[in-house]
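*Asks:* Here is a sequence with its predicted model. Questions after.
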Amino acid sequence: MAAVSLRNVRKLYSNGYSAVKDFTLDIGDGEFVVFVGPSGCGKSTTLRMIAGLEDISGGTLEIGGRLVNHLPPKARDISMVFQNYALYPHMSVRQNLAFALKLAGLAKAEVARRVEDAATILQLEPLLERKPRELSGGQRQRVALGRALVREPKVFLMDEPLSNLDAKLRVEMRASISKLHRRIGVTTIYVTHDQVEAMTMGDRIVVMKDGEIQQVATPIELYERPLNKFVGAFMGSPAMSFLAARYERGGFAGSGFTLATGKPALDRLALTEGQDVWLGIRPESLRIASEGAGNLRGIADVVEPLGAETIIGVAIGADDRLVARIGGHLDLRAGTPIELSLDATKLHVFDRTSERNLGLDCR
Amino acid sequence: MTMATPSRPDAAAPLALRARVCAELVRHRLVYLMLAPVVAYFLVFQYAPMIAAVIAFKDYNPAVGIAASPWVGFDWFRQFFDGLFFNRLIWNTLLINLYDLAFGFPAPIVLALLMNELTSQRFKRFVQTLTYLPHFISVVVIAGMMLDFLVRDGVVNDIIAAFGGRRESLLLNPDYFRRIFVGSEIWQSIGWGSIIYLASLAGINPSLYEAAKIDGANRWQQFLHITLPGLTPIIMTMLILRLGQLMTVGFEKILLLYNPVTYETADVISTYVYRRGILEANYSYAAAVGLFNSALALLLLFASNRLSRRLTGNSIW
């Protein structure tokens, strides 16, 4: 196990495109860190730089306190799980697992022991003599994990390892990987574009956009205290809704609504009179209110009954929309007028220009 | 009250099939239109002549036609097997093919592998153009160039003489014929032949190389464990097809390069068939030799396909 330290790491391609800009992050020994962000945000490029598959244009990368910028992948003591598994197609599962160990010149008995151990942990024993083409997607993914595991590396790198699996298998494998990490405790860097994977697996999450870190935090902190509008929108499903509003006389006024919040709720915010803001509202912050008791009114234009809860899309005025998550089943038809109450203490307020969370700026 | 009409599945099925075929032809008419010349080529030049192969068992006389010519059974085959040149023809054909198999077959593979390792795209394109060019030169021109290069005062002899060697007409020495023929074949086809391997190399998943790098494989080990196994299916397919042609030599070039002095090593089945069949107008004899050659080729194709399937799991059917 080892800590990983990235200091002002940059990736600049020869055509001038900057894929990663001043990436600075310290990953603790045994920590499970998830890089998350939309396509093209630089998360995979960063992971590949850590792996040694991409050159680092600037900055320093240390693994276990050792500068590894110019070391080849094999000298970095890392192992990687690829999105498309990258299993050697002509080798059996056993040969795939043993390949790196044989190249490293380990004794036959040691190779056999490690392969058997990995096969036991990942329940691969019955598959050891099969070729990758004879395996299902989930089995291939387990072999890919096993191949990383047998090397007993200091750092595990995983590049969207579950993207090729169906939804049900992804949930199972998510749990398996988390369990595996708890069991072996190796520092793990996991790349995904799926915020649910990030929230459920990571000790810490690094949210990226356009090659830059937007926020590094624990899953709950990220969800409850997003540093900016992008993070607020990216984390959470259904996503946070945003209403364009202006701060006026102790409340917020939008094109189709006015929201009186009360002084205690606004005390935490650094607001100035007439300031244009985005109001970020999590779906679970909204409740259905009886007529006249709510602070937001609109038309329910989408109703999605999920059994345990109901997701309602509400049109507020001409331009704004909200998504509410209401517990249990609601007998509501699309097109019905609806009144919602908002817990103002859970309101996220972002500056319209900088898009920074004003609730965090004043702390 | 309405009565149901009894159905006749036996009559309905062919009708439905015919309708489906018609609908298919109409729907994809452009595809079938493009396919038509190829089908016509195979019917006219490959399948129709098979009917005429019956003259191998007859004493064919063009004046009376195939049907009226008398049957002679296996006489022509016997004459060929007992003939003076049988051993020489079989040996020459086989040996030229084995030379080509040993040196000509791996040459495009090696070139493709070398080109795959090139990092400069400009240099790679230059090499590709340079090696593809001879493929587009007519065999007649190639043979003419070789005759010029290999004569006593040709460029090859100039080089030999420059190193203190003795000048001689290289194409008049039977010892050199096979080497010259196979060498020219390699020169002419190495670039073109490498295309299929380059395409196959491009199809190898790049993640496999990255995984191998992380696993600690160096360039040679990556070649050994990723590139070579990735190329194996196409190599085996090409090898099977090549083995199927082990008794076949493109006779045009030999015809243009050989002469009675080099018959000893240069005369192969196809050139012999040409001389006996066309020049001496002994069509039945030529057909018998040709049929024997084709049957042998078919047998070799089956055998090599079966062997490949057993040894590597790759086969063309």
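*Replies:* Looks like it came in fine. Numbers count the residues shown, from 1 in each chain, chains lettered A, B, ... in the order given.

*Asks:* Quick check: chain neighbours aside, which residue is closest to residue 223?
*Replies:* By default, I'm working from chain A. A:M235 (5.5 Å; Cβ to Cβ, 6 or more residues apart in numbering or on different chains). All C-beta atoms are positioned from the backbone trio N, CA, C, and that covers glycine.

*Asks:* Please refer instead to chain B.
*Replies:* B:L113 (7.3 Å).

*Asks:* Next up, the contacts around the one you found.
*Replies:* By Cβ atoms under 8 Å, 6 or more residues apart in numbering or on different chains, B:L113 lies in contact with B:197, B:201, B:223, B:227, B:231.

*Asks:* Which residues are in contact with the closest residue to B:I234 other than its chain neighbours?
*Replies:* Spatial nearest neighbour of B:I234, excluding adjacent residues (Cβ to Cβ, 6+ apart): B:S200 at 4.4 Å. Taking Cβ under 8 Å, 6+ apart as the contact definition, B:S200 lies against B:230-231, B:233-234.

*Asks:* And A:E172, by the same measure?
*Replies:* A:G138.

*Asks:* Just confirm it is within a strand.
*Replies:* No: the assignment for A:E172 is helix, going by DSSP: H, G, I helix; E, B strand; the rest coil, so no strand is present there.

*Asks:* follow-up on the earlier one: and the residue nearest to A:Y223, how far is that from chain B?
*Replies:* Relative to chain B, A:M235 is positioned 29 Å away (Cβ to the nearest Cβ, to the nearest Å).

*Asks:* what's the neighbour count on that residue?
*Replies:* 24 (other Cβ atoms under 10 Å in any protein chain shown).

*Asks:* Report pLDDT for it.
*Replies:* If you check A:M235, the pLDDT there is 92.

*Asks:* quick one, what contacts it?
*Replies:* A:195, A:198-199, A:205, A:207, A:222-223, A:226.

*Asks:* still on that earlier bit, please flag which of the contacts of B:L113 sit within helices.
*Replies:* Judged by DSSP state H, helices contain the following of these: B:197, B:201, B:231.

*Asks:* How about the first one, nearest residue that isn't a chain neighbour?
*Replies:* On the basis of Cβ to Cβ, 6+ apart, the spatially nearest residue to B:Y197 that is not a chain neighbour turns out to be B:A112, at 3.5 Å.

*Asks:* which stretches of chain A have low pLDDT?
*Replies:* A:1, A:262-267, A:360-363 (pLDDT under 70).

*Asks:* how about the residues of it that lie near chain B?
*Replies:* A:51-53, A:72-74, A:78-80, A:82-84, A:86, A:88-90, A:99-100, A:103-104, A:147, A:151 (Cβ under 8 Å from any Cβ of the partner chain).

*Asks:* Filter the residues you listed down to the buried ones.
*Replies:* By neighbour count, with 16 or more other Cβ atoms under 10 Å in any protein chain shown, these hold A:51-53, A:73-74, A:78-80, A:82-84, A:86, A:88, A:90, A:99-100, A:103, A:147, A:151 as buried.

*Asks:* Tell me which of the residues you listed fall in strands.
*Replies:* A:78-80 (DSSP state E).

*Asks:* which secondary structure element contains the residue most central in space within chain A?
*Replies:* Centroid check for chain A by Cα atoms, centre = their mean gives A:A198 as the closest residue, at 3.3 Å. Here A:A198 is covered by helix A:195-201, with elements defined by DSSP states H and E.

*Asks:* got the contact list for that helix?
*Replies:* With Cβ under 8 Å, 6+ apart, helix A:195-201 has contacts from A:32, A:34, A:36, A:162, A:170, A:174, A:177-178, A:190, A:192, A:205, A:219, A:222-223, A:234-237.

*Asks:* Next: stretch B:34-47.
*Replies:* Contacts for stretch B:34-47 (Cβ under 8 Å, 6+ apart): none.

*Asks:* ok, which residues in the stretch 201-317 of chain B are in contact with chain A?
*Replies:* B:205, B:207-208, B:210-217, B:221, B:225-226, B:229-230, B:232.

*Asks:* Three-state assignment for residue 297, please.
*Replies:* I went with chain A, as the question did not name one. With three-state DSSP as the criterion, A:R297 reads strand.

*Asks:* Count the neighbours of it for me.
*Replies:* So A:R297, with other Cβ under 10 Å, has 17 neighbours.

*Asks:* How about the one 3 residues further on?
*Replies:* Other residues within reach of A:A300, judged by other Cβ under 10 Å, total 21.

*Asks:* Check for me that it belongs to a strand.
*Replies:* Yes: using three-state DSSP, the assignment for A:A300 is a strand.

*Asks:* Against chain B, how distant is the nearest residue to it once chain neighbours are set aside?
*Replies:* Distances taken as Cβ to Cβ, 6+ apart put A:I338 closest to A:A300, at 4.6 Å, once the chain neighbours are dropped. Distance, A:I338 to chain B, using Cβ to the nearest Cβ: 50 Å.

*Asks:* pretty sure A:I338 is in a strand, no?
*Replies:* Yes: according to three-state DSSP, A:I338 belongs to a strand.

*Asks:* tally of neighbours for it?
*Replies:* Neighbour tally, A:I338, other Cβ under 10 Å: 22.

*Asks:* Please list all residues in contact with it.
*Replies:* A:288, A:297-300, A:312, A:314, A:332.

*Asks:* Which of those has the largest number of neighbours?
*Replies:* A:I312 (27 neighbours).

*Asks:* what about the helices in chain A?
*Replies:* Using DSSP H, helices in chain A cover A:43-51, A:93-103, A:108-121, A:137-150, A:167-184, A:195-201, A:219-224, A:229-234, A:263-267, A:358-361.

*Asks:* Would you mind giving those helices as JSON lines with distance to B:T271 added?
*Replies:* JSON lines is the format used below for the helices of chain A (distance: least, Cβ to Cβ, whole Å):
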{"stretch": "helix A:43-51", "distance to B:T271": "59"}
{"stretch": "helix A:93-103", "distance to B:T271": "50"}
{"stretch": "helix A:108-121", "distance to B:T271": "57"}
{"stretch": "helix A:137-150", "distance to B:T271": "55"}
{"stretch": "helix A:167-184", "distance to B:T271": "64"}
{"stretch": "helix A:195-201", "distance to B:T271": "70"}
{"stretch": "helix A:219-224", "distance to B:T271": "80"}
{"stretch": "helix A:229-234", "distance to B:T271": "75"}
{"stretch": "helix A:263-267", "distance to B:T271": "99"}
{"stretch": "helix A:358-361", "distance to B:T271": "89"}
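
*Asks:* For B:Y60, which of the ones you listed is the nearest?
*Replies:* Judged by Cβ to Cβ, the one of the helices of chain A that comes nearest to B:Y60 is helix A:93-103, at 60.2 Å.

*Asks:* Show me what counts as buried in the closest one.
*Replies:* So, applying 16+ other Cβ under 10 Å, buried residues of helix A:93-103: A:93-101, A:103.

*Asks:* so what secondary structure elements neighbour that helix?
*Replies:* Using 3 or more Cβ pairs under 8 Å, 6 or more residues apart in numbering or on different chains; DSSP states H and E, the elements in contact with helix A:93-103 are helix A:108-121, helix A:137-150, helix B:206-215.
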